[in-house]
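> the following comprises the amino acid sequence and a computationally predicted model.
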Amino acid sequence: MAFRLLRSTATTSNGRQSSQSAIGDRASRLGVEIADVAGLIGDLTALGATQSRCAQGAMAASLEMAETNTILSTAMAAARQSADATQSTLRESAELVSTALTGAVAKIETLGDGAIALKDSIERVADTIRHVQETSGAIRRIADDTELLALNATIEASHAGLAGAGFAVIAASVKRLAEQSRQSAKANQTHLETLTLTLAELIAKAETNTATATAAKSDSSRAQGSLDSLHSLVDTVQSVTAEIATMAEQVDANNASFATLQTELAALASSVQAGSSKLVQAKDRADAILGISEDFILFIAQSGIKTPDSSLIALCQKSADAIGALFDNAVAKGAIGLDDLFDERYVPVPGTDPQQVMTRFVAFTDKVLPALQEPLLIADPRIAFCAAVDRNGYLPTHNRKYSQPQGSDPVWNSANCRNRRLFNDRTGAGAGASTRPFLLQTYRRDMGGGNFVLMKDVSAPIKVRGRHWGGFRIGFKA
């Protein structure tokens, strides 16, 4: 009977342990699921904020475009009025110029024809004068012949004596007539030569006037062509005016469309903003639930209930104490000053992406921490990383595989160059700032390029000379 009671008690104890283990497992899984949901809500919140900014940006852009369209519409209306006025002025000017130019061209052609006809007339007069000169020469020759004949008649009359006295009188009269004819022919010749010179000058001027008149007629033809170009310009302005009117109609239609678009964008922006507000509230609630879950896991662990994470929690606390003792000993030996160990002046490293920073204790931690951190990576197959962070989440010395020199690819750097960086996200900041015996967090680890890995993070506080320096983190697979 006693054996049976002992067996019953053992069975009850085993059942209680089994129930407690189940509670621990379920609490652990619950924390993982809550962290995953919280991460998704965080992503949606960030996406909602991005959408809200995009919607606001689209609204602002549409407003600017609408203002630009309004200015363009006003400018096109003014251009259309100006084009209409220009077209009217050009048409009137073209008509006036056309009338004046047509009359001028007709007069120029008349003057040109007159100048050419005058030249022809002068040339005919010159021909007549040449004929008169030829006739005058013939008269002079006749006078010479007549005078010679009179001289011969006088000689013959003197030979005839009294019988030739009458013939001598006639010979003397013929001689005087011949002399007078020669004098008149000579005078005519002089006058004709003068007239010939004058006509030569007139012919030269007439030729110049004829050339000028011909050029004027040619210019008048080109002027007629210019007049045609002016009429063509009027037609072109009319076409441009019509095109401006068509464009103005399209701009007015765009203005109406933009007004509708602005209304729709305003509604969209309002909807996105409302959704973003709800997502922010949901994220706050999810973070609160995640915090409750973490407190619950802490409560379970402190109650002595074993969970799958208990061994890693104990390892983290032991490592944090070891690092605190290591730092205490280094300060005591003067290996590093206390002020240097607590340095918070994070100096950016130029040209790093993601940004890396330096403090006065980085050289010290690079020297002493790897010997403690590196062996822990093989202490449990679930461990992905382990590192000490200061109270602000600054991680000076990471595991060697995560402490590669940075390259030109920020995505690769984010995954492989995680040392000397400030991790002030919820998990990183919480691990550094927490003074609880331990803090177990579940989160999605950003590996860069939009890739996330669901992780658990246990941390325990590191104290140096009684001051909270930061925490020791162990990240492991959830």
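Here it is on my side, so go on. Numbers count the residues shown, from 1 in each chain.

> how about the nearest residue to residue 383 once chain neighbours are set aside, what does it touch?
Excluding its sequence neighbours, the residue lying closest to residue 383 (Cβ to Cβ, 6 or more residues apart in numbering) is residue 476, at 5.0 Å. For every residue, glycine as well, the C-beta is placed using N, CA and C. With contact taken as Cβ atoms under 8 Å, 6 or more residues apart in numbering, residue 476 is in contact with 309, 312, 380, 382, 383, 384, 455, 456, 457, 458.

> quick one: least confident of those?
Lowest pLDDT of the contacts of residue 476: residue 455, 84.

> surely that one and residue 440 touch.
No: using Cβ atoms under 8 Å, residue 455 is not in contact with residue 440, being 11.4 Å away.

> these two - which one has more neighbours?
Just comparing residue 455 and residue 440: by other Cβ atoms under 10 Å the higher neighbour count belongs to residue 440, 25 against 20.

> and the gap between that one and residue 311?
Residue 440 sits 12 Å away from residue 311, taking Cβ to Cβ, to the nearest Å as the criterion.

> what does residue 109 give?
Distance from residue 109 to residue 311, by Cβ to Cβ: 120 Å.

> do the same with residue 355
For residue 355 relative to residue 311 (Cβ to Cβ), the value is 35 Å.

> swap in residue 218?
Counting by Cβ to Cβ, the gap from residue 218 to residue 311 is 113 Å.

> equivalent analysis for residue 91, please.
Taken as Cβ to Cβ, the span from residue 91 to residue 311 is 100 Å.

> could you check which of those two has the larger neighbour count?
For residue 91 versus residue 311, the count of surrounding residues by other Cβ under 10 Å is larger for residue 91: 17 against 13.

> element containing the more buried one?
Using DSSP states H and E, residue 91 falls within helix 2-160.

> quick one: mean pLDDT over that helix.
67.

> what of stretch 195-210?
Mean per-residue pLDDT for stretch 195-210: 76.

> C-alpha coordinates for it, CSV please?
Taking Å, rounded to 0.1, in the frame of the first residue of the first chain, the C-alpha atoms of stretch 195-210 are listed here in CSV:
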residue,chain,number,x,y,z
LEU,A,195,24.0,118.9,-130.5
THR,A,196,25.7,115.6,-131.0
LEU,A,197,27.7,116.0,-127.8
THR,A,198,24.6,117.0,-125.9
LEU,A,199,22.7,114.0,-127.3
ALA,A,200,25.7,111.8,-126.3
GLU,A,201,25.4,113.0,-122.8
LEU,A,202,21.6,112.5,-122.9
ILE,A,203,22.1,109.0,-124.3
ALA,A,204,24.6,108.2,-121.4
LYS,A,205,22.1,109.5,-118.9
ALA,A,206,19.3,107.7,-120.6
GLU,A,207,21.3,104.4,-120.5
THR,A,208,21.9,105.0,-116.7
ASN,A,209,18.2,105.8,-116.2
THR,A,210,17.3,102.7,-118.2
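
> list the buried residues for it?
For stretch 195-210, burial by neighbour count (16 or more other Cβ atoms under 10 Å) applies to 195, 199, 202, 203, 206, 209, 210.

> next: stretch 73-93.
Neighbour-count burial for stretch 73-93 flags 73, 76, 79, 80, 83, 86, 87, 90, 91 (criterion: 16+ other Cβ under 10 Å).
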